[in-house]
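# okay, here's the prediction I keep looking at, along with the sequence it came from:
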Amino acid sequence: MSKETILIVDDEKEIRNLIAIYSKNEGYDVLEASDGEEGLSLLKKNKVHLIVLDIMMPNVDGIEMCMKVREIAEMPIIMLSAKSQDMDKIVGLTLGADDYVTKPFNPLELIARIKSQLRRYIKMNRLDDMNENEIEIGDMRINTDTHEVIVNNEKVKLTPREFSILDLLARNQGIVMSAEQIYEKVWKEEAIQSENTVMVHIRKIRERIETNPRNPQYIKTVWGVGYKIEKDH
């Protein structure tokens, strides 16, 4: 079941209760606020994944809360509006709301929109996280946090030094690195007669990640210069 948290901000208790019941039935955690001021307070104290936000409320209304939320956070905001509030609805979308639902609404339609917005938000967050610690090259993924290498959906075992060489070349795609450069960066000592040592490690890496090590897809040899991973795969 989902454990994302939804913040419902509406001055009508019946509306809050209705949305809360349907949301909890889908497995979401729910926080409730009767106006924007209370909503902002809850937002500061809790991890919220999506906000259902009424436009017309006392104290801090939905438009003002939407503006303040967008100054500090990027979670989806679904606005609730009466049919007579079309201009407010347009303003809300312009200021950063992601969707709107007109009152009176079908709770199942609102839940469908909540699910859609959460899917998009969670997917984007995962991509952001992945981009920070994963390098993807063709069918190979290198995770710099876990030191895992996956080729064609299968884990590949590399020694720490082999991983360091692969990681170095992957972070410098398109750049030819000499055996001396690789040795000094990976072994962290002066490269003296290092060419054979690096060549042996490159051969072992190719045996593990290449379909055909004699005709490598990933680590290319630039004769007389060094090694590189092509930029575009």
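That came in fine, so what should we check first?
# most distant residue from the middle of this structure?
Largest separation from the mean C-alpha position in the chain: residue 193, at 43.7 Å (C-alpha atoms, centre = their mean).
# element containing it, please.
Residue 193 is part of no helix or strand, with elements assigned from DSSP states H and E.
# repeat for the one 5 residues further on
Residue 198 is part of helix 195-209, with elements assigned from DSSP H and E.
# just checking, what packs against that helix?
Of the remaining helices and strands, those touching helix 195-209 by 3 or more C-beta pairs under 8 Å, 6 or more residues apart in numbering; DSSP states H and E are strand 148-151, helix 160-171, helix 179-186, strand 219-222. (C-beta placed from N, C-alpha, C; glycine too.)
# please tabulate those in JSON lines and include mean pLDDT, mean neighbour count and distance to residue 18 as additional columns.
Putting the helices and strands packed on helix 195-209 into JSON lines (pLDDT from 0 to 100; neighbours: other C-beta atoms under 10 Å; distance: least, C-beta to C-beta, whole Å) gives the following:
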{"stretch": "strand 148-151", "mean pLDDT": "94", "mean neighbour count": "18", "distance to residue 18": "45"}
{"stretch": "helix 160-171", "mean pLDDT": "95", "mean neighbour count": "18", "distance to residue 18": "51"}
{"stretch": "helix 179-186", "mean pLDDT": "94", "mean neighbour count": "18", "distance to residue 18": "60"}
{"stretch": "strand 219-222", "mean pLDDT": "95", "mean neighbour count": "14", "distance to residue 18": "59"}
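# can you redo these as a markdown table with distance to residue 103?
Formatted as a markdown table, these follow (distance: least, C-beta to C-beta, whole Å):
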| stretch | distance to residue 103 |
| --- | --- |
| strand 148-151 | 48 |
| helix 160-171 | 52 |
| helix 179-186 | 62 |
| strand 219-222 | 60 |
